[in-house]
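K.L.:
Starting from these lines, generate the structure:
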Amino acid sequence: PRRGRPVPSPLCTCAQELPSCILFWFLGAADIAPSAGTSRAEVWSISWGSKADLHNQTHSPANEMGAGPSSEGEREPLLAPAQTERLPQPVYSRVYSRRWLVLAIFSMLGFMQGMVWNTWGPIQNSVKHAYGFTAIDIAMLVLWGPIGFIPWLLFMWLMDKKGLRVSLLLSAFLMVVGTAMRSIPLHDLTVKKWLIHGGQLLNGLAGPTIMSAPPLLSTTWFAPDQRATATAVASLVNYLGAAGSFLIGPLVVPAPNETQPLHVGADRTTDHIRERLQIVLYAEFAMIVVLFVAVLVYFPSRPPLPPSVAAASQRLGYRSSICRLLSNIRFLMIALAYSVPTGVVAGWSGVLDMILTPAKVSQVDAGWIGFWSIVGGCVVGIAMARFADSIRGMLKLILLLMLAGATLASTWFTLTCLTSVTHLPSTAATLYTSCILIGIFLNSSVPIFYELLIETVYPVPEGITCGVVTFLSNLFMGGLLFVLTFYFKELSWLNWCLTGSCLFSLLLILFFRESYDRLYLDVFVSV
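P.N.:
This next block holds a predicted model:
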């Protein structure tokens, strides 16, 4: 200070300079507006550093005396734009036509996985006659599918770390080895039975990737207005493969004499049934070998450029994702709403022939009922997914309508099967209609569930999210089939389980609070 001028006290100095400090604070905050990708800690460190520099420049002795040149910082405008290095980098996106080839290869592999899994249920009477299988053997052959989900964490880790190509190659290889084991022609029925069981297990091990990857594939390759449709195609074709077994099995493999009246001169000997079974096994093996070669030749994990902002955004790590999912109440609600009815209906459809046997429905008719119920669900599911792509933000309403219809249809089927108590007409028309409606409402809800799950827990990776819910679905299906191995003589209770699961899911979705975090990113962030 100059001689003769009193030195102000610190309190007076702060009081006098408070307005300027406040001004510098707001001007500094405007100067360092955070760019996309700047963390909160970085914003605060930059903010405090900028304000300290301004304060030191303003309160230096030279500036207080009015002497001294202006600094470089004082000559710069206070409302200058943010630094160039902190501006968000533009996201260049592009949609490639090859995405349809990738979707076709994946979908066909899912089709064959579903067909191999459901090979034995629709022709269980013929298999019992040809190979000496029991009802427990038939139930176990279906049970190998959910058992294959036990190491699901390993497959989800592989998908997250190595990408979709490596995961799908491993799944296709397991399917090749499994179908090869089943198709080995042997006269020793004991060894043949163990090889068939081993092949079913290997096919089940391919399930975690095949059933969990559709949302990942759609996000990686498709634009936001095509994601739900791609998810529906990739996920529902697996169900269509199971439906194909209802059609191909009973048409190729004849039923034994004691379960279906035959026209005169028809050859239904045990050797003939075994020959026809072997044809089915050879055909499935050949198709899977062709698809394995296709994946080996061309199936990239991702396109050169992402199709959307969400596809280019960074996701959580593997451990962080698992912890977030298990601690998210909203995720657990919708996960149970998905896994309980889909798990029950999968086990129910796997033994549909056994359920309809007391109603005097033949093996061929049961196969047609199962076929049209799944086909109807796949067609309606793809149509509803396309509808969801066109009007975004309506996933909860669509699920409520589907689950309400499934509850009514399953109640109708259950009461029709109890015709001795309810006195409802039990005709082929009522059984066909109720079964087909169950398949339409439940199977078509699968891609809508997937999309709502991804929107709810974003930025958790799609493969991990769907891996958890498909594991839960197969856990419920496995538990149901495990009970069937011990209690399979009277199956009317299984119909009540289906009705109760649909009602349970309907109530959970009714109280679920939806959110669309991924959709918000694609709509409001400039690409």
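
K.L.:
Phi and psi next, for residue 444.
P.N.:
Dihedral angles of residue 444 (phi, psi; degrees, to the nearest 10) stand at phi -70, psi -20.

K.L.:
List the residues that contact it.
P.N.:
236, 377, 378, 380, 381, 383, 384, 402 (C-beta atoms under 8 Å, 6 or more residues apart in numbering). Quick note: C-beta positions are derived from backbone N, CA and C, even for glycine.

K.L.:
For burial, what's the neighbour tally of the closest residue to residue 444 other than its chain neighbours?
P.N.:
Distances taken as C-beta to C-beta, 6 or more residues apart in numbering place residue 381 nearest to residue 444, at 3.3 Å, with adjacent residues excluded. By the criterion of other C-beta atoms under 10 Å, residue 381 has 27 neighbours.

K.L.:
so how far is residue 130 from residue 381?
P.N.:
Plainly put, residue 381 is 35 Å away from residue 130 if you go by C-beta to C-beta, to the nearest Å.

K.L.:
now do residue 318
P.N.:
Counting by C-beta to C-beta, the gap from residue 318 to residue 130 is 46 Å.

K.L.:
Which of those two has more residues huddled nearby?
P.N.:
Neighbour comparison, residue 318 and residue 130: the larger count goes to residue 130, with 23 against 16 (by other C-beta under 10 Å).

K.L.:
Quick check, the more buried one in contact with residue 273.
P.N.:
Yes: under the criterion of C-beta atoms under 8 Å, residue 130 makes contact with residue 273 at 4.3 Å.

K.L.:
For the residue nearest to residue 444, pull up the helix or strand it's in.
P.N.:
Using DSSP states H and E, the element containing residue 381 is helix 363-390.

K.L.:
Quick one: mean pLDDT for the helix or strand just after that helix?
P.N.:
Once the chain leaves helix 363-390, the next helix or strand it forms, by DSSP H and E, is helix 395-417. The pLDDT scores in helix 395-417 average 91.

K.L.:
that older thread, so what secondary structure elements neighbour the helix holding residue 381?
P.N.:
Applying 3 or more C-beta pairs under 8 Å, 6 or more residues apart in numbering; DSSP states H and E, one finds that helix 363-390 contacts helix 124-131, helix 227-252, helix 329-350, helix 352-356, helix 395-417, helix 428-443, helix 446-457.

K.L.:
With respect to residue 196, which of the ones you listed lies nearest?
P.N.:
Nearest to residue 196 among these is helix 124-131 (7.9 Å), distances taken as C-beta to C-beta.

K.L.:
Show me what secondary structure element comes after the closest one.
P.N.:
Trace forward from helix 124-131 with DSSP H and E and the next one is helix 135-147.

K.L.:
Okay, buried residues for that following helix please.
P.N.:
By neighbour count on 16 or more other C-beta atoms under 10 Å, the buried set for helix 135-147 is 137, 138, 139, 140, 141, 142, 143, 144, 145, 146, 147.

K.L.:
counting contacts, what elements does it pack onto?
P.N.:
Under the contact criterion of 3+ C-beta pairs under 8 Å, 6+ apart, helix 135-147 touches helix 99-117, helix 124-131, helix 189-205, helix 329-350, helix 462-484.

K.L.:
before we move on, the earlier item: make TSV out of the contacts of residue 444 and add distance to residue 310.
P.N.:
Below are the contacts of residue 444 laid out as TSV (distance: C-beta to C-beta, whole Å):
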residue	distance to residue 310
236	22
377	28
378	26
380	27
381	22
383	24
384	21
402	25
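
K.L.:
In space, not sequence, find me the middle residue of the protein.
P.N.:
Nearest to the geometric centre of the chain sits residue 466, at 3.7 Å (C-alpha atoms, centre = their mean).

K.L.:
Pretty sure residue 240 is one of the things residue 114 touches, is it not?
P.N.:
Yes: at 7.0 Å, residue 114 and residue 240 qualify as touching, with contact defined as C-beta under 8 Å.

K.L.:
Comparing those two, which residue is more hemmed in?
P.N.:
residue 114 (26 against 21).

K.L.:
Kindly provide the distance from that one to residue 241.
P.N.:
Here residue 114 is placed at a distance of 3 Å from residue 241 (C-beta to C-beta).

K.L.:
before we move on, what about residue 163?
P.N.:
24 Å.

K.L.:
between those two, who's got more neighbours?
P.N.:
Legend: neighbour count by other C-beta under 10 Å for residue 163 and residue 241, higher for residue 241 (24 against 16).

K.L.:
If I follow the layout properly, the more buried one ends up in contact with residue 109?
P.N.:
No: with contact defined as C-beta under 8 Å, residue 241 does not count as touching residue 109 (9.5 Å).

K.L.:
In this protein, where is pLDDT below threshold?
P.N.:
By pLDDT under 70, the weakly predicted segments of the chain are 1-92, 257-268, 350, 363-364, 419-426, 485, 487-490, 524-527.

K.L.:
and residue 180, how many residues sit next to it?
P.N.:
With other C-beta under 10 Å as criterion, residue 180 counts 16.

K.L.:
so it touches residue 285, yeah?
P.N.:
Yes: at 5.8 Å, residue 180 and residue 285 qualify as touching, with contact defined as C-beta under 8 Å.

K.L.:
Same list, the helices and strands packed on helix 135-147, but as a markdown table with distance to residue 501 please.
P.N.:
Shown next, in a markdown table, are these (distance: least, C-beta to C-beta, whole Å):
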| stretch | distance to residue 501 |
| --- | --- |
| helix 99-117 | 20 |
| helix 124-131 | 24 |
| helix 189-205 | 22 |
| helix 329-350 | 4 |
| helix 462-484 | 8 |
